[in-house]
Structure formats: C-alpha cells, structure tokens
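Engineer: sequence first, predicted model second:
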Amino acid sequence: MALLKPTFFIIGAPKCGTTSLHNYLSTHSQITMSIPKEPHYFSTDIENGGIRNKQEYLSCFSHGDKKTKAVGESSTLYLFSKVAVENIYDYDKDSKFIVMVRNPIEIAQSFHQVALKVFGETETNFQKAWLLEENRKAGKKIPKGCIDQQLILYGDIAKIGQQIERVISHISPENIHFIMYDEFKNSTKLEYNKVLKFLKLKKEVPISFPLYNKSQRIKNETLTKLTNYASSIKKKLNVRTRFNVASKIHKLNVKEQPLDKLPQNFLLKMDKFFGYDINLLSQIIKKDLSKWRVLQ
C-alpha cells in the first residue's frame, strides 16, 4: 500500500482543544491521524524540531489502512507560521483546514506554560514574561536554552485574528472550518459531528470524549531549565534521536493545575493589546466575541 498523504490539517491555535480533537478523530474508522500529532513539516520558518524530510513526514501516516478516506495532522503552529499554509497549498490545493479559536488572553497564558516545558522559557511568572516581549523582539532577554525566540512572544502567538486573516487568502471558504473552544468544550459531540460533516465522512461518535492536554504547571523549575538547555544543544548540533529523553522528563515534571487568576489591572492591559485582534476575528468568523472583553 502506497504511503498516505494528508488531506486535512488542524492548524491551531495552540491550547484550543486541538489535542482532544486529534485524538477523537483518530478513533474514526475512516480517518488516519498522524503519529506524532504535530510533525510541523510545513512550518519551515519556525525552529521547533519539526520534521524536514518528506519520507519521514509521510511515514507519520503509515499506520493507515484501506478504509481510510481522510488523513489529518494537527501541527498547531501552522496558523502562527508565515509560510506553513502557503506551503500546504502548494503541496495540495484541495487541502481542508480546521481552526480552533479561543480568548487570546487564555491562549497567551496557557502557551507560556508550554514554552516553560518545551521551548526554553525560564521566566516562570507569566506577567513578567509578558512584559519582556519588546526586549525579546529586539533580541534581548532571550533565555540561553530557547530554541526559537518567536515561541516566547506570547502576544504574537495569541493574535489569532491577524493570523487567520493572513491564511484565509490561500484557502477557499468551503475548505476551512472554525471551532470555538468554549463550544467544543461544552458541546463536544455536536462540534465533533460538524467536523465529520465538513470532512464529508459518516457519523461515527467515540464512546466517550475525555479531555486531553489540560492546563499544567512545572514541578521543578531547575530540572526544566536543564532539559531545555540540553534540548537546545542537541538541536544546534542537529542531533535527532528516536527516543527523546528530554521529552519524557518534561512529561514527568508537570502536574495538572488550573491557570493562575490574573489581576484585573493586568487583564485590562491585555484586553487593550488584543482588542483590535478580537474585533477582527469576530468579523472573520462572524461570531459575537464581546464576552471575551474585560469589563472596566
């Protein structure tokens, strides 16, 4: 059997329920989802350990069988990438795209936890990390173990309205499907069935809808810094290993815990920062997002 090629992509945004959707879709008899979930083959402008070899990329779908009618992957930085969707379009102009959206303040705060675990962030206080953004854009205050400074710019990461505005220029309206995080969380079965309809597949609902990739916190900050630094050295030396020890340590070094509640004055500053982007997203997806705004 020839290697399967992807036909649809869950391109983001990060921390919007993409892991759960990926896993639910993987249970459908007509769908093959990539292993691993996020190969990041097409985001060639981001240094995050993505697969760069075409054969290695296609092998992510090698477990599919003759029943497969749709093949997907869920690299959540494709939306943030300035080239990924264009690269996908060049690869296959008929590709379908799923975009999951969430309050950008929540995305920024949640992604900070990801950056602490995976991307070499060392500032554990989100408010302080947020205030470092302008310095970091100027190449200052970059942690030694950071693999790509773009991935610790939380304001940029969470400006999903502008990101979507950019990518839809490459996508026909019938080939893109939006999912609101809150609606997916509260009406999972309904939103899941909408995805199947978008992909033109039969209804086949999982037995249950467990939550995946919940909010997590670092247990030991020193251990995180050491593993991030080791990962950055391995990357600079262009060393790829089958078994990622650092990744396994990261998984053991986190605990599930809700995000900290942010002070009202800080929330107001973030609301001002994201105000234009929220309005833009509202226009694009034709949804009232006023509930995301912070009240004075």
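Structural biologist: Noted; the coordinates are in hand. Numbering: from 1, shown residues only.
Engineer: C-alpha from now on. contacts and neighbour counts both.
Structural biologist: Will do.
Engineer: and Thr32, that's in a strand?
Structural biologist: Yes. Thr32: assigned to a strand according to DSSP: H, G, I helix; E, B strand; the rest coil.
Engineer: burial count for it?
Structural biologist: 28 (other CA atoms under 10 Å).
Engineer: so how far is Asn186 from the spatially closest residue to it that is not a sequence neighbour?
Structural biologist: In this structure, Thr32 finds its nearest non-sequential neighbour in Val71, 4.8 Å apart by CA to CA, 6 or more residues apart in numbering. Separation of Val71 from Asn186 (CA to CA, to the nearest Å): 26 Å.
Engineer: for Tyr41, what are its contacts?
Structural biologist: Counting by CA atoms under 8 Å, 6 or more residues apart in numbering, Tyr41 touches Gly50, Ile51, Arg52, Asn53, Tyr57.
Engineer: give me that answer again for 7 Å
Structural biologist: Gly50, Ile51, Arg52, Tyr57 (CA atoms under 7 Å, 6 or more residues apart in numbering).
Engineer: list only buried entries from the residues you listed.
Structural biologist: Neighbour-count burial (16 or more other CA atoms under 10 Å) is assigned, among these, to Gly50, Ile51, Tyr57.
Engineer: what would those residues look like in TSV with distance to Lys82 and pLDDT?
Structural biologist: Listed next are these as TSV, based on distance: CA to CA, whole Å; pLDDT from 0 to 100:
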residue	distance to Lys82	pLDDT
Gly50	15	95
Ile51	17	97
Tyr57	20	98
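Engineer: looks like Val101 contacts Met180 (just checking).
Structural biologist: Yes. Using CA atoms under 7 Å, Val101 is in contact with Met180, at 5.2 Å.
Engineer: neighbour-wise, which of those two wins?
Structural biologist: Val101 (26 against 17).
Engineer: contact partners for the more buried one?
Structural biologist: Val101 neighbours (CA under 7 Å, 6+ apart): Ala13, Cys16, Ile179, Met180, Tyr181.
Engineer: if you set the cut-off to 6 Å instead, what comes out?
Structural biologist: Counting by CA atoms under 6 Å, 6 or more residues apart in numbering, Val101 touches Met180, Tyr181.
Engineer: and if you look at Leu132?
Structural biologist: Residues near Leu132 by CA under 6 Å, 6+ apart: none.
Engineer: ok, it to Val85 distance?
Structural biologist: Using CA to CA, one obtains 29 Å as the distance from Leu132 to Val85.
Engineer: what of Leu25?
Structural biologist: According to CA to CA, Leu25 and Val85 sit 21 Å apart.
Engineer: neighbour count: those two, which is higher?
Structural biologist: Of the pair Leu25 and Val85, Val85 is the one with more neighbours under other CA under 10 Å, namely 25 against 21.
Engineer: pull the residues that contact the helix or strand hosting that one.
Structural biologist: For Val85, the host element (DSSP states H and E) is helix 84-91. Helix 84-91 has contacts (CA under 6 Å, 6+ apart) with Phe42, Ser43, Tyr78.
Engineer: repeat that for 8 Å
Structural biologist: Residues from elsewhere that reach helix 84-91 (CA under 8 Å, 6+ apart): Phe42, Ser43, Thr44, Tyr78, Leu79, Ser95, Val167, His170, Ile171.
Engineer: the helices in the chain, which residues?
Structural biologist: Using DSSP state H, the helices of the chain run over residues 18-26, 54-58, 84-91, 104-114, 126-131, 133-137, 154-158, 160-167, 181-186, 188-198, 221-236, 245-252, 264-285.
Engineer: adding distance to Lys66, write those out as CSV.
Structural biologist: Putting these into CSV (distance: least, CA to CA, whole Å) gives the following:
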stretch, distance to Lys66
helix 18-26, 15
helix 54-58, 16
helix 84-91, 23
helix 104-114, 36
helix 126-131, 47
helix 133-137, 48
helix 154-158, 38
helix 160-167, 32
helix 181-186, 30
helix 188-198, 19
helix 221-236, 37
helix 245-252, 33
helix 264-285, 35
